[in-house]
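> For reference, the sequence and a predicted model appear below.
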2 protein chains.
Amino acid sequence: MLNPQLQEFGLHLKKLRLARGLSQEQLGLIAELDRTYISGIERGVRNVSLTNILRIAQALGVPPAELFNAGDQ
Amino acid sequence: MLNPQLQEFGLHLKKLRLARGLSQEQLGLIAELDRTYISGIERGVRNVSLTNILRIAQALGVPPAELFNAGDQ
């Protein structure tokens, strides 16, 4: 069963990634995470860990809090 | 080996918890997480998952982004 909170997080991550013109593969390479893992987060099927949240934020060049600010945009 | 980023997250969580006058046990009860798990997060030895980050934020009554705003305070 899909978790709406994970889906919201994933959709927001996707927006941030696309705004930077990055493919899932490119983001994965920068963050040193597999493309399929990035894909799973964006679809809300992966319950990403804190260390990977921090790694993705760094790869996108945003403060980690930004990944949670879906409602602000 | 301790991860400084997890430690920073944990210290900030501890501050937010204490500012609300909650014990680890009380926060655990509200968030439906074990006290020892809360303790592990605060000490930076637990790599907490996204769903548990969201659960803790809700229990503290703060937006999830607030858990990452250690530098702002």
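In hand now; what should we look at?

> In space, not sequence, find me the middle residue of chain A.
In chain A, the centroid-proximal residue (Cα atoms, centre = their mean) is residue A:13; its distance is 3.7 Å.

> Wait, that one touches residue A:39, no?
No - applying Cβ atoms under 8 Å, one finds residue A:13 not in contact with residue A:39, separated by 10.7 Å. Bear in mind the C-beta positions are built from the backbone N, C-alpha and C, glycine included.

> For the residue nearest to the centre of chain A, give me phi and psi.
Here is the backbone geometry of residue A:13 (degrees, to the nearest 10): phi -60, psi -40.

> Give me the pLDDT for residue A:73.
pLDDT for residue A:73: 46.

> same check, this time on residue A:9
Value for residue A:9, per-residue pLDDT: 96.

> helices or strands up against the helix or strand where it lies?
Element membership of residue A:9 [criterion: DSSP states H and E] is helix A:4-19. Helix A:4-19 makes packing contacts with helix A:35-42, helix A:50-60, helix B:50-60 when contacts are defined by 3 or more Cβ pairs under 8 Å, 6 or more residues apart in numbering or on different chains; DSSP states H and E.
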